[in-house]
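Asker: Provided below for reference: sequence and predicted model.
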Amino acid sequence: MADWDQKTRRTRRPRRLEEVQSAEVGFPIAWILIGALSGLIVIGLVGLGVLNIIRKQSITPTPSTIPGVVPTEAVAEATPGQAVASPTIPPVVTLEPTATLPPTATPVPTLPAALAPDVYAKVIGTEGAGVSMRSGPGTNNARLTVANEDSIVLILKGPEADENQEDFVWWYIRDEDQNEGWVVQDFLEPSLPPEALEQQSGN
């Protein structure tokens, strides 16, 4: 009987100790869990608040100044009763048509009335032989060359009387080949310039 009681005590004692320990330990663990959960909730709420502040700052960024671009001034709102100035439209400028000048008529060269310096002359009356161009105003001077019949020559100077007292008048001329010499007036007549003669023949 005594043995049974001792066994019973031995077996019961530990159970009571375990129950007492579990009861003592279980009470503070529950509070620790509740505190930890509360702390996590508070930290989460604080984090959400900080996140919202950061989002608001990123949504409304301050405008940055672009180099070379002048910022436009803010348009002031018109107060009631205040007249709003309408934009001024520049007047349309009508350009007057420029007057078209009539083409200037090319002056028609006229035939000189008489032989003179800077006047062109035509070789005539030589029966195809041409007129002698001499080194001086007289038949005693050397013949330099011959100006062909119907050729156009330019008178450079003159008139000069004949050196031999003959009844001749002499002109100093230049022919088409740029030769120069004295010729008798009887074989020359006034003429138009060569280019004017070419125009007339072309027309």
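Answerer: That came through fine.

Asker: Toward the C-terminus, what is the element adjacent to the lowest-mean-pLDDT helix or strand in the chain?
Answerer: For the chain, scoring each helix and strand by mean pLDDT, DSSP states H and E identifies helix 2-59 as the least confident one, at a mean of 66. Proceeding N to C from helix 2-59, the next assigned helix or strand is strand 120-123, under DSSP states H and E.

Asker: hmm, who's touching that next one?
Answerer: Residues from elsewhere that reach strand 120-123, judged by CB atoms under 8 Å, 6 or more residues apart in numbering: 112, 115, 130-131, 147-155, 171, 173, 183, 187-194. For the C-beta atoms, the positions are set from N, CA and C on the backbone; glycine is no exception.

Asker: Does anything pack onto the top strand by length along the chain? Which helices or strands?
Answerer: Of all the segments assigned as strand in the chain under DSSP state E, the longest by residue count is strand 152-161. Secondary structure elements in contact with strand 152-161, counted by 3 or more CB pairs under 8 Å, 6 or more residues apart in numbering; DSSP states H and E, are strand 120-123, strand 169-174, strand 180-184, strand 188-191.

Asker: orientation of that strand relative to strand 169-174 in degrees?
Answerer: Here strand 152-161 runs at an angle of 140 degrees relative to strand 169-174 (axes from the mean of the first three to the mean of the last three CA atoms, to 10 degrees).

Asker: Can you show me the CA trace of strand 152-161 as PDB?
Answerer: As requested, C-alpha coordinates have been extracted for strand 152-161 and formatted as PDB (Å, rounded to 0.1, in the frame of the first residue of the first chain):
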ATOM      1  CA  ILE A 152      35.800  99.000-144.900                       C
ATOM      2  CA  VAL A 153      38.600 101.100-143.400                       C
ATOM      3  CA  LEU A 154      38.800 103.500-140.400                       C
ATOM      4  CA  ILE A 155      40.100 107.000-140.900                       C
ATOM      5  CA  LEU A 156      42.600 107.900-138.200                       C
ATOM      6  CA  LYS A 157      43.600 111.400-139.200                       C
ATOM      7  CA  GLY A 158      43.500 113.900-142.100                       C
ATOM      8  CA  PRO A 159      42.900 115.500-144.400                       C
ATOM      9  CA  GLU A 160      46.400 116.400-145.600                       C
ATOM     10  CA  ALA A 161      47.400 118.200-148.800                       C
END
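
Asker: That strand pairs with which strands?
Answerer: The strands that strand 152-161 pairs with in its sheet are strand 120-123 (antiparallel), strand 169-174 (antiparallel) (by DSSP bridges).

Asker: Of all the ones you listed, which one is nearest residue 140?
Answerer: Distances from residue 140 to each of the strands paired with strand 152-161 were compared using CB to CB; the minimum, 12.1 Å, belongs to strand 169-174.
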